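Engineer: using only what follows, build the 3D model:
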Amino acid sequence: MGGLLKLKRVVLFFAVVCLAGLGLAPILVMVSKSLIVNGQLSLAHYASLLSPRTLILLRQSLELSCVTALLATALGVPLGILCARTDLPLRSLWAVLFTLPFLLPPYIIAFCWSLMLGSQGFVALLFGPAASQAFSAWFVGFPGCVVTLATTFMPIVMLLTMTYIRTINPSLEEAARLFAPWPPVLAKITIPVIRPGILLAVILVFLLTLGEFSVPMFFRYDVFPVESFIQFSAFYSFGAATAAAIPLAVITLLALLVERIFLLEKSYQLRPGHAEAGLVIRLGASRWWFFACVSLLGLLFVVLPLLVLLFHSGSFSTYYTALSKAGDSLVRSLIYATLGASLLVVLGFLCGYFIHNRMLGLWRGMDTLTIFFFALPSPVIGIGLISLWNQPATNFVYGTFLIIILGYIIQYTALTSRITLSALTLIPPSMEEAARMVGAGWIRRMVLIVAPLVKRGLVAGWLVGYIFCLRDIGITMMVYPPGNDTLPVRTFTLMANNPTQLIAALCAIMMAATLVPLGALCLFWKRKGVAHGAD
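Structural biologist: Numbers count the residues shown, from 1 in each chain. Presented below is the predicted three-dimensional model:
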């Protein structure tokens, strides 16, 4: 028995150390290299942080992140409540529809908005070319970044709101409903109870916006991620790129410190439940008014931009040309996303199990570290990976697709780990304990007891990992070797010098690459569940 316990600790400790080493080593090497100038210790690269431009970049980065987080919260919380707790018509369909922008690389949504506001977009058709030109000129810059990123990241707020609402003890709302109508109950009971989920969503949106560079670059709005990327890719200044990335890492650490202080232990108390367990808010006469408002939001922020994209993608010949230019990148994207998601599920399962069992006194630090890697801006991770692996002895990693997969594992393990953690909380500890008492070893318990019981969580984790790996552009753009670019990277690089129709077709292909496999797997899983239910 002692040998089995030792094996369990060795396997889990090895997984945790591997992830920590893979993530921390590049950052430490990146910082150490930036402090060396001409073979001597120097802070010359960091002198630029004292310039007025740094204050401008800092202000614009924080403004963009704060305003985006506020707008996403203002839209996401009401939508989450409407979809999870009310009798709003087609509420499940709305939840899926508003999630679509999050499944795509953010710059595709930016491109959709530029088409919609362009000379052949809806604004020009409705109000004329002059209005379109004026509105388009105003939209480029801060407004375009806010609208695009709020549309892209709002589903995080909506989905977390829906998830946390379904964990509320129904008796709390039932007791309150004896003395008050629904608006006061929502304000005094429901929203305060789910406040940890809302705060977590706000922090995630803030950090994801802080690290995003493709949308600000598309709309020509200067922020720290764009500065870091340009210094590295255009001027080949490793030290300046690192110096521009350091403020991002510091802000990320501060935001995570806030999350640890205000949400300590609360994220571990999440117990996913069922929508049927809670009360249903009857909207009554205002039901169709809410339906009209949600329909208008869905039409404006999701349906119209995507329809304009499909309209501009042109004929089948355009798609043929697009596939001839980027077919190899599409295949690589699918392969890398599949491989990355599979590795993320395995590592996320081990890390989630480690955190769930609160092992070795390191579980809280491990959870914080995975969230830190996820929230860390991709330019920081990319520069760190290059600084560590760009050596003759490690060219078998740096010069191949493995460097991309490493980036996926570092940044996205938090997703599969948290999903596994939520699934593990639903398993009674007595089940694994009973298997242990009858002599089942730890590996056998994992394979025959725990994994089958959390299979829905594992499938959900794989799907989430697949989506994030497929849509990734930040890490891939920084580290991909020649001949290993993915479809998001190829499309982004072709935007500057190719016709609109071709770029629209490439974006439409990216949408299909994301949604078709996702829809097929979800349909298969649903039918499988129905079949088991019938049996």
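Engineer: drop to CA atoms for contacts and neighbour counts, all remaining ones
Structural biologist: Fine.
Engineer: which residues sit against the helix or strand harbouring residue 468?
Structural biologist: Taking DSSP states H and E as the criterion, residue 468 maps to helix 455-471. With contacts defined as C-alpha atoms under 8 Å, 6 or more residues apart in numbering, helix 455-471 is touched by 103-105, 333-334, 336-338, 340-342, 344-345, 349, 408, 412, 415-416, 419-420, 422-423, 451, 488, 514, 518.
Engineer: which of the residues in that helix are classified as buried?
Structural biologist: By neighbour count with 16 or more other C-alpha atoms under 10 Å, helix 455-471 contains the buried residues 457-471.
Engineer: which other helices and strands does the one helix or strand residue 341 maps to contact?
Structural biologist: For residue 341, the enclosing helix or strand under DSSP H and E is helix 316-356. If contacts are counted by 3 or more C-alpha pairs under 8 Å, 6 or more residues apart in numbering; DSSP states H and E, helix 316-356 sits against helix 2-34, helix 363-375, helix 402-424, helix 455-471, helix 487-494, helix 500-534.
Engineer: what's the closest of these to residue 49?
Structural biologist: Closest to residue 49 of the helices and strands packed on helix 316-356, according to C-alpha to C-alpha: helix 2-34, at 13.3 Å.
Engineer: pLDDT of the closest one, averaged?
Structural biologist: Averaged over helix 2-34, pLDDT sits at 76.
Engineer: the next helix or strand after that helix pairs with which strands?
Structural biologist: Note on helix 2-34: by DSSP H and E, the next helix or strand toward the C-terminus is strand 36-37. Partners of strand 36-37 in the sheet, by DSSP bridges, are strand 40-41 (antiparallel).
Engineer: could you list the buried residues of the helix or strand just after the strand it pairs with?
Structural biologist: Next along the chain after strand 40-41, taking DSSP H and E as the criterion, comes helix 52-85. Buried residues in helix 52-85, defined by neighbour count with 16+ other C-alpha under 10 Å: 54, 57-58, 60-73, 75-85.
Engineer: and which of the buried residues of helix 455-471 is nearest to residue 374?
Structural biologist: The closest of those to residue 374 turns out to be residue 468 (C-alpha to C-alpha; 11.0 Å).
Engineer: where does that closest one land on pLDDT?
Structural biologist: For residue 468, the predicted pLDDT is 90.
Engineer: how near is it to residue 413?
Structural biologist: Using C-alpha to C-alpha, to the nearest Å, residue 468 is found at 11 Å from residue 413.
Engineer: tally of neighbours for residue 225?
Structural biologist: 29 (other C-alpha atoms under 10 Å).
Engineer: no, scratch that, I was asking about residue 431
Structural biologist: Neighbours of residue 431 under the rule other C-alpha under 10 Å: 12.
Engineer: buried ones in the helix or strand hosting it?
Structural biologist: Take DSSP H and E as the rule and residue 431 turns out to sit in helix 429-437. Buried residues in helix 429-437, counted by 16+ other C-alpha under 10 Å: 432, 435.
Engineer: report the distance from it to the chain centre.
Structural biologist: In terms of C-alpha atoms, centre = their mean, to the nearest Å, the centre of helix 429-437 is set 35 Å apart from its chain centre.
Engineer: also stretch 176-194?
Structural biologist: Relative to the mean C-alpha coordinate of its chain, stretch 176-194 is positioned 31 Å out (C-alpha atoms, centre = their mean).
Engineer: gap between residue 23 and residue 187?
Structural biologist: 41 Å.
Engineer: report the separation between residue 425 and residue 457.
Structural biologist: Look at residue 425 and residue 457: by C-alpha to C-alpha, they are 11 Å apart.
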